[in-house]
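Q: Need the 3D shape of this:
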Amino acid sequence: MTRHALPFFLFVLVIAGGVASSAAQAQYGLLNGRWKLASSSAETAERRAAIETATRDLPSFMQSRARERLEERTTPPKKVRIVVAGDHIELTGRGQTVFLEVGGPAVPVESEGRRGSARATRQNGNLVITMEGDNGGRTTTYRPSEDAQRLVLDVQFTAQRLSTPVRYRVTYKRS
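A: From the prediction side, this is the model:
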């Protein structure tokens with residue numbers, strides 16, 4: 001009996017892994033489409049509160065300018081377009097398109113005169129885009145709502161001079 005139990009157990013693990021992977025891939029594919037900003041005033045207030053918290057430890061003469069720059073850099077684009085084809089991602093926002101491969105190498109990107117790199121990974125079936133620059137980075141987790149009509153972005157923005165990351169959420173609806 002024990003001799004047959006181990007192969008059966010391994011078979012079940014392989015099948016279960018394949019089913020879980022397929023389910024994650026299906027959820028991942030729900031990101032495809034054009035999305036229009038649908039953030040609530042509560043989300044905007046939470047983002048601004050996170051900026052306040054992150055800039056609190058800066059010298060007072062730097063706080064105002066830092067808040068302005070963070071407000072600019074964390075304001076979400078009005079529209080986003082995502083194309084998922086297997087492990088290939090095409091992400092468009094603010095008039096710029098980035099092509100990434102999930103699990104692939106980092107890709108050079110340029111935005112607002114700043115240069116850095118972007119990388120795509122999968123985590124719990126969600127798309128995670130990590131952008132790194134000289135002075136900090138941004139990690140955005142893209143996940144569809146259960147009915148696939150909304151797209152939720154959980155963002156963590158870090159900068160060298162900030163002691164606390166700016167964490168916020170943005171919601172889009174299908175357009």
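
Q: Can you give me every residue that contacts residue 89?
A: Contact analysis of residue 89 by C-beta atoms under 8 Å, 6 or more residues apart in numbering lists 82, 83, 98, 99, 100, 101, 102, 120, 127, 129. C-beta here means a position set from N, CA and C on the backbone, and glycine is covered the same way.

Q: Name every strand pairing with the helix or strand hosting it and say which way it goes.
A: Following DSSP states H and E, one finds residue 89 within strand 88-93. Using DSSP bridges, strand 88-93 pairs in its sheet with strand 79-85 (antiparallel), strand 96-101 (antiparallel).

Q: one step back: of all the contacts of residue 89, which comes closest to residue 71?
A: Among the contacts of residue 89, residue 129 lies closest to residue 71 (C-beta to C-beta), at 21.0 Å.

Q: where's the closest one, which helix or strand?
A: strand 126-133.

Q: Show me the contact partners of that strand.
A: By C-beta under 8 Å, 6+ apart, the list of residues contacting strand 126-133 reads 27-28, 31, 82, 84, 89, 91, 100, 102, 106, 109, 114-122, 137-143.

Q: so where do the helices sit in the chain?
A: 2-29, 41-55, 60-74 (DSSP state H).

Q: What residues of the last one count as buried?
A: In this case it means helix 60-74. 66, 67, 70, 73, 74 (16 or more other C-beta atoms under 10 Å).

Q: do stretch 153-160 as well
A: Within stretch 153-160, the residues that count as buried by 16+ other C-beta under 10 Å are 153, 155, 157, 158, 159.
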